[in-house]
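Colleague: Any chance you could fold what I've pasted below:
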Amino acid sequence: MSDLATTARVDVVLVGAGIMSATLGALLRRLEPDWSITLVERLDAVAAESSGPWNNAGTGHSALCEMNYTPQRPDGSIDITKAVRINEEFQITRQFWAYAAQHGIVSDVRRFLNPLPHVSFVRGGAHVDYLRRRHQALAGNPLFARTELIEDRDEFARRLPLMAAKRDFSEPVALNWAPEGTDVDFGELAKQLIGYCVRNGTTTLFGHQVRTLARQADGSWTLGIHNRRTGRKRKLNARFVFVGAGGDALPLLQQSGIGEVKGFAGFPIGGRFLRADNPALTAMHRAKVYGVPSPGAPPLGALHLDLRFVNGKSWLVFGPYAGWSPKFLKHGHFTDLPRSIRLNNLLSMIGVGLTQLTLLNYLIAQLRLSGPDRIAALREFTPGAVDSDWELTAAGQRVQAIRRDKRRGGVLEFSTTVVSATDGTIAGVLGGSPGASTAVPIVLDVLQRCFAKRYPGWLPILKEMIPSLGAKLSREPALFDEVWSWGTEALQLEVAA
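Modeller: Sure thing, here's the model as predicted:
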């Protein structure tokens, strides 16, 4: 199938070898083992972009510590709606991982998943008061019932010795400590899921890029694919196409011509982190600690000091420091942003430009940060930080979705958006956090939209994978306890102290 005269026919094409395609591929392999599936990836490895361990925070985002998910209302009460929703979604993902571990879909849990407390950290009287009210608002929900409020300095020092060293405790500090958090290497998880797909018949084309997408009269799609190593071209015809290509998803969906993507635009945001591998430091910090988001910072911009496990080694990571580039991918092109502009999304982009001046000012300030500025921010978390212990590393590019809005022209989305054709023959994922952590509910949304007639027949198998499917665990504490205990055992996750 190496020339344009021959078109190979398959049931499904997955574009991109990140966590979204890996998750969808593994689910489809379980639901429809006889379907032919081909995965196309422009780079030469799995998870070389956003899903790679150094291109994201590795937080199993379940809203345990991220304070942007629990905003304060004008009357001073705490809105926990988004936190509960995200935690519910993470529970679905966690159950699938447990099923995958028990059924050989993933081969080595500890290489991608480790128990690690998730912690909210605040300083100053007003922020401590907010954290108390946050804790009270969440305490009655079974999904957050294990979270502790810590204000005692000695307990702070016992749990977070690195952050306590050289700290002036005359300023009030407080922690919300959630012992059931996790650190996730989504790159390793994607590798294991795709490995399962390959062992069960999925074809992979690495170093290949989708250049064209054309809808056929029968509703199928023909993809023009370019081998980036040899320059040779081929065609694939698929009944269903999933675009899980990170920042490249928007241009590919635009090229498909589906009406559902009209009005969507992309706003790229880069990130950088400080990291350290000194064993003396990693031994003193066994948690992921999130601070209060800075004024104007995007939701994914709250500074945090994390222990990470990557390739069997412990690291400390601090950030993110925001950056900006017109590239839509870390390995992308400077023309990505201008090439994504269309007449149908220009108004959306102008609207965001006019309404997001605070964000733009924040990004400009971030770009001006010097090395000493970054260390100064780190010392708000760990006052004894030594410059020479830390190195700066570039993280992945995120393309936040901009969607059309009648009143404001355009709205910048800081979550994950599924875009699918009405006939269900093509779908893609736009946006970022908490995407990877909620990959399973996102993929289930794709399946419901695009395979509406088949989905009811898949439910028995899906409920084997996700026992709580269709239920709200926050309203069913007994069911939550049951699936939580099952998942903890299957994933070898003893609750961290």
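
Colleague: For the rest of this, base every contact and every neighbour count on C-alpha atoms.
Modeller: Will do.

Colleague: Distance from the chain centre to the helix or strand bottoming out on mean pLDDT in the chain, please.
Modeller: Lowest mean confidence among the helices and strands of the chain (mean pLDDT, DSSP states H and E): helix 357-367, at a mean of 80. Between the centre of helix 357-367 and the centre of its host chain there is 23 Å, according to Cα atoms, centre = their mean, to the nearest Å.

Colleague: ok, now stretch 361-379?
Modeller: The mean C-alpha position of stretch 361-379 is separated from the chain mean by 24 Å, Cα atoms, centre = their mean.

Colleague: Between its first and last residues, how far does that stretch reach?
Modeller: The straight-line separation of the ends of stretch 361-379 (Cα to Cα, to the nearest Å) is 23 Å.

Colleague: so where is the protein shaky, pLDDT-wise?
Modeller: For the chain, residues meeting the criterion pLDDT under 70 lie at 1-5, 295-300, 495-497.

Colleague: Can you verify Pro239 is assigned to a strand?
Modeller: Residue 239: Arg, not Pro. Yes - looking at Arg239 with DSSP: H, G, I helix; E, B strand; the rest coil, it is inside a strand.

Colleague: That one - how many residues pack around it?
Modeller: 19 (other Cα atoms under 10 Å).

Colleague: Quick one: residues contacting it.
Modeller: Val10, Asp11, Val12, Gly219, Ser220, Trp221, Thr425 (Cα atoms under 8 Å, 6 or more residues apart in numbering).

Colleague: hmm, try it at 7 Å
Modeller: Taking Cα atoms under 7 Å, 6 or more residues apart in numbering as the definition of contact, the neighbours of Arg239 are Asp11, Val12, Ser220, Trp221, Thr425.

Colleague: what phi and what psi does the backbone show at the second one?
Modeller: So that's Val12. Taking degrees, to the nearest 10, you get phi -140, psi 140 for the backbone angles of Val12.

Colleague: hang on, it packs against Ala238?
Modeller: Yes - under the criterion of Cα atoms under 7 Å, Val12 makes contact with Ala238 at 5.4 Å.

Colleague: what does the helix or strand that the least confident helix or strand of the chain is followed by rub up against?
Modeller: Moving toward the C-terminus from helix 357-367, the next helix or strand (DSSP states H and E) is helix 371-379. Identification of contacts with helix 371-379 by Cα under 7 Å, 6+ apart yields Phe318, Ala385, Asp387.

Colleague: rerun that using 6 Å as the cut-off
Modeller: Helix 371-379 is contacted from outside by Ala385, using Cα atoms under 6 Å, 6 or more residues apart in numbering.

Colleague: next one: stretch 183-191
Modeller: Contacts to stretch 183-191, defined as Cα under 6 Å, 6+ apart, come from residues Ile19, Ala22, Ala47, Ser51, Gly52, Pro53, Gly58, Thr59, Gly60, Phe112, Leu113, Asn114.

Colleague: Give me the number of neighbouring residues for the fourth one.
Modeller: A count of nearby residues for Ser51, using other Cα under 10 Å, gives 25.

Colleague: Who are the contact partners of it?
Modeller: Ser51 is in contact with Gly18, Phe186, Gly187, counting by Cα under 6 Å, 6+ apart.

Colleague: Which residue lies closest in space to it, excluding its sequence neighbours?
Modeller: Counting by Cα to Cα, 6 or more residues apart in numbering, Gly187 is the residue found nearest to Ser51 once chain neighbours are left out, at 5.0 Å.

Colleague: separation between that neighbour and Gly18?
Modeller: From Gly187 across to Gly18, the span is 7 Å (Cα to Cα).

Colleague: Between the two, which contacts overlap?
Modeller: With Cα under 6 Å, 6+ apart, Gly187 and Gly18 have common neighbours Ala47, Ser51.

Colleague: Just the helices from the stretch 351-497 of the chain, written as ranges.
Modeller: Using DSSP state H, counting those that start in this stretch, the helices of the stretch 351-497 of the chain run over 357-367, 371-379, 439-450, 455-465, 477-490.

Colleague: How about residues contacting the third one?
Modeller: Right, the one you point to is helix 439-450. Applying Cα under 6 Å, 6+ apart, the set of residues contacting helix 439-450 from outside is Met20, Leu24, Thr93, Gly424, Tyr455.

Colleague: now do the last one
Modeller: For helix 477-490, the surrounding residues in contact (Cα under 6 Å, 6+ apart) are Gln95, Ala98, Pro142, Leu473.

Colleague: Could you tell me how far the last one is located from Glu89?
Modeller: Distance, Leu473 to Glu89, using Cα to Cα: 10 Å.

Colleague: hang on, the earlier thing: what about the residue nearest to Ser51, which SS state?
Modeller: Once three-state DSSP is applied, Gly187 turns out helix.

Colleague: about what we covered before: for the contacts of Ser51, could you give me JSON lines that also reports neighbour count and distance to Val399?
Modeller: Supplementary listing: these in JSON lines, determined by neighbours: other Cα atoms under 10 Å; distance: Cα to Cα, whole Å:
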{"residue": "Gly18", "neighbour count": "28", "distance to Val399": "15"}
{"residue": "Phe186", "neighbour count": "28", "distance to Val399": "18"}
{"residue": "Gly187", "neighbour count": "26", "distance to Val399": "19"}
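
Colleague: Throw the residues you listed into a markdown table and include distance to Arg286, thanks.
Modeller: Rendered in a markdown table, the data for these read as follows (distance: Cα to Cα, whole Å):
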| residue | distance to Arg286 |
| --- | --- |
| Gly18 | 28 |
| Phe186 | 19 |
| Gly187 | 21 |
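
Colleague: What number of residues are in the vicinity of Glu260?
Modeller: 14.

Colleague: Can you tell me the SS state at it?
Modeller: From three-state DSSP, the assignment for Glu260 is helix.

Colleague: From Glu482, how far out is the residue nearest to it when sequence neighbours are not counted?
Modeller: Nearest-residue entry for Glu260: Ala421, 6.2 Å, with adjacent residues in sequence omitted and distances by Cα to Cα, 6+ apart. Counting by Cα to Cα, the separation of Ala421 from Glu482 is 38 Å.

Colleague: try Lys235
Modeller: In this structure, Lys235 lies at 48 Å from Glu482, with Cα to Cα as the measure.

Colleague: and what of Asn344?
Modeller: In this structure, Asn344 and Glu482 are separated by 49 Å, where distance is defined by Cα to Cα.

Colleague: List just the nearest of the contacts of Ser51 to His226.
Modeller: Gly18 (19.2 Å; Cα to Cα).

Colleague: buried residues in the longest helix seen in the chain?
Modeller: In the chain, with assignment by DSSP state H, the single longest helix is helix 81-102. Taking 16 or more other Cα atoms under 10 Å as the neighbour-count basis, helix 81-102 is seen to contain the buried residues 83-84, 86-101.

Colleague: again, but for stretch 482-497
Modeller: Counting neighbours by 16+ other Cα under 10 Å, the buried set in stretch 482-497 is Val483, Trp484, Gly487, Thr488, Ala490, Leu491, Gln492, Leu493, Ala496.

Colleague: now stretch 442-451
Modeller: Using 16+ other Cα under 10 Å as the test for burial, stretch 442-451 gives Ile442, Val443, Leu444, Val446, Leu447, Arg449, Cys450, Phe451.

Colleague: Turn those into CSV, including distance to Glu380.
Modeller: Converted to CSV, the buried residues of stretch 442-451 look like this (distance: Cα to Cα, whole Å):
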residue, distance to Glu380
Ile442, 36
Val443, 38
Leu444, 41
Val446, 42
Leu447, 45
Arg449, 46
Cys450, 47
Phe451, 50
